[in-house]
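Undergrad: Can you look at this prediction? I've put the sequence above it.
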Amino acid sequence: MKVIFMGTPDFAEASLERLIADGFEVCAVYTQPDKARGRGMQTSFSPVKDCAIRHGIPVFQPDTFRDPEVIRELRAFSADIIAVVAYGKLLPDDVLNAASKGAVNLHGSLLPKYRGAAPIQWAVLNGDTVTGVSTFHLVREMDAGDIIYEAELEIGETETSGELYDRLKVLGAELLSRTLRDIDLGIAPRRPQNHQEATYVTRLGKELSPIDWNHSPREIRKWIYGLQPWPVATMELEGQTVKVFSAEYSDGHTESAPGTILSATDRGIEIACADGASLLITELQLPGKKRMKTADFLRGHRLKL
C-alpha cells in the first residue's frame with residue numbers, strides 16, 4: 001500500500017515509525033515548516049521530519065495547500081491513501097481527494113468526544129477514567145468523518161497528561177497500522193459519528209495554570225496532573241507563583257475559605273477546597289529552583305499560617 005504521511009510532533013512520529021516497520025510504502029512525508037525553538041531560537045526539525053530523513057523518505061513542508069503546484073506535486077505520487085496524525089493544518093478537499101482511497105486520521109480521543117486540539121490533556125483535566133484513540137475518514141469538517149476503529153485505555157488516577165500521551169501514541173500507532181492494513185484488504189468497517197454527542201476542546205495555555213480552589217479535591221488534583229508537562233498548575237505562596245506537581249487527599253474538614261492554607265507539615269501543605277474539604281500539596285517548584293517534595297521545602301521555610 002502506497003502511503004503519504006502527514007504529521008508533525010512525536011505523537012505522529014510513533015505512527016510513522018510503525019507504518020515503516022510494518023512494511024507500508026511511505027512515499028512522501030508532509031510536516032509543518034521548520035521553526036525556531038529554544039532560548040537561542042535555533043531552527044530545528046519536527047520529530048516527523050527527523051524520522052523521515054532517517055529512513056530516506058522525501059519530506060515536503062508547504063506553508064499552504066492553496067498553491068495549485070503543491071496539489072499537483074501531491075497527486076503526482078499516485079498514493080493509495082493519505083494518513084494524517086497531528087499534522088496541525090485543516091486540509092482542503094483537494095488534499096483529501098489526492099489519493100485513490102482518500103485520507104484517514106488518527107485522533108487522541110474516543111470520537112465524537114473531544115474533537116479539536118489537546119484531547120488527551122482535556123481527558124485528564126476533566127477527570128475521565130477512560131479515553132482512547134480513533135481512526136476515521138477525513139472530511140472537511142474538523143474530526144467529523146466516519147469512524148473506522150477505536151481503542152480504549154484506562155486513565156490512571158495520578159497519571160499525568162504526558163504519561164497518558166506516551167501510552168496513547170503507541171496505542172494509536174498500532175491502531176493506524178491496523179486501519180491501513182484493513183482498508184487495503186477491503187475489510188475495514190465504517191460508521192458515522194453521532195454529531196449530536198460531539199464535544200470540542202481547545203489548546204492549553206498558561207491562563208489555565210492558576211488553581212481554582214473553589215473545586216473539589218479530586219477536580220483540583222486532576223487539574224494538577226492534567227497540566228503536566230505543560231503549562232503546569234500554579235498557586236500563590238507567600239507572594240510567589242509556585243508550580244504544583246502532585247497532591248494527596250486529606251480527611252480533614254474546615255470552615256475556612258477555599259484557598260486558605262490550613263497547615264504545613266511533613267505530609268504537605270494543606271489547603272482548603274470547596275465544601276469544607278482540603279487537599280495536601282506534596283510536590284512543588286519555586287521560581288528559579290528545582291522541583292522538590294513539599295516536605296523538603298518546608299525544612300528550610302516556615303510558612304505564616
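TA: On my side now, so go ahead.
Undergrad: how many neighbours does residue 17 have?
TA: Using other Cβ atoms under 10 Å, residue 17 is surrounded by 16 other residues. Where C-beta positions appear, they are placed from N, C-alpha and C, glycine not excepted.
Undergrad: my read: it touches residue 51, true?
TA: Yes. Assessed by Cβ atoms under 8 Å, residue 17 is found in contact with residue 51 at 6.1 Å.
Undergrad: hang on, residue 70 is in a strand, isn't it?
TA: No. Residue 70 sits outside any strand when classified using DSSP: H, G, I helix; E, B strand; the rest coil, being helix.
Undergrad: quick one: it and residue 89 touch, right?
TA: No. Using Cβ under 8 Å, residue 70 is not in contact with residue 89, being 11.8 Å away.
Undergrad: quick one: which helix or strand includes residue 136?
TA: strand 130-137 (DSSP states H and E).
Undergrad: Contacts for that strand next, please.
TA: The contact list for strand 130-137, computed with Cβ atoms under 8 Å, 6 or more residues apart in numbering, reads 102-111, 119-120, 123, 143, 145-155, 164, 168, 171-172, 175-176, 179, 190, 193.
Undergrad: Return the set of buried residues in the helix or strand following it.
TA: Counting by DSSP H and E, the next helix or strand C-terminal to strand 130-137 is strand 147-154. Using 16 or more other Cβ atoms under 10 Å as the test for burial, strand 147-154 gives 147, 148, 149, 150, 153.
Undergrad: Flag the helix or strand of the protein with the lowest per-element mean pLDDT.
TA: One helix or strand of the chain scores below all others by mean pLDDT, DSSP states H and E: strand 35-37, with a mean of 73.
Undergrad: Toward the C-terminus from it, list the very next helix or strand.
TA: strand 42-44.
Undergrad: Show me which positions of that next one end up buried.
TA: For strand 42-44, it's none, nothing buried (16+ other Cβ under 10 Å).
Undergrad: now swap in stretch 224-238 and tell me
TA: 224, 225, 226, 227, 228, 232, 233, 234, 235, 237.
Undergrad: Any chance you could list what contacts that stretch?
TA: Against stretch 224-238 from outside (Cβ under 8 Å, 6+ apart): 121-122, 124-126, 158-162, 204-206, 208-211, 223, 241-247, 269, 271, 281, 284, 303-304.
Undergrad: From those, which land in strands?
TA: If you go by DSSP state E, those have 241, 242, 243, 244, 245, 246, 247, 269, 271, 281, 284 in strands.
Undergrad: how close does the last one sit to residue 222?
TA: Counting by Cβ to Cβ, to the nearest Å, the gap from residue 284 to residue 222 is 17 Å.
Undergrad: ok, of the contacts of stretch 224-238, which come out buried?
TA: By 16+ other Cβ under 10 Å, these give 121-122, 124-126, 159-162, 204, 208-209, 211, 223, 242-247, 269, 271, 281, 284 as buried.
Undergrad: quick one, what contacts residue 117?
TA: So residue 117 contacts 201, 202, 203 (Cβ under 8 Å, 6+ apart).
Undergrad: again, but for residue 170
TA: Counting by Cβ under 8 Å, 6+ apart, the residues that residue 170 touches are residue 14.
Undergrad: A helix includes it, no?
TA: Yes. Under three-state DSSP, residue 170 falls within a helix.
Undergrad: Could I get the pLDDT score of it?
TA: For residue 170, the pLDDT comes out at 98.
Undergrad: wouldn't residue 252 be in contact with residue 278 here?
TA: Yes. Here residue 252 reaches residue 278: they are 5.0 Å apart, a contact under Cβ under 8 Å.
Undergrad: what about the two, which has more around it?
TA: Set residue 252 next to residue 278 and count neighbours by other Cβ under 10 Å: residue 278 wins out with 23 against 14.
Undergrad: hang on, isn't the more buried one packed against residue 255?
TA: No. Applying Cβ under 8 Å as the test, residue 278 and residue 255 come out as separate, 11.1 Å apart.
Undergrad: can you tell me the helix or strand for residue 4?
TA: strand 2-7.
Undergrad: Now that strand - C-alpha only, PDB.
TA: Output of strand 2-7 as PDB, limited to C-alpha atoms (Å, rounded to 0.1, in the frame of the first residue of the first chain):
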ATOM      1  CA  LYS A   2       1.400   3.300  -1.100                       C
ATOM      2  CA  VAL A   3       1.000   5.900   1.700                       C
ATOM      3  CA  ILE A   4       1.500   9.700   2.000                       C
ATOM      4  CA  PHE A   5       2.100  10.500   5.700                       C
ATOM      5  CA  MET A   6       1.200  13.900   7.200                       C
ATOM      6  CA  GLY A   7       2.200  14.700  10.800                       C
END
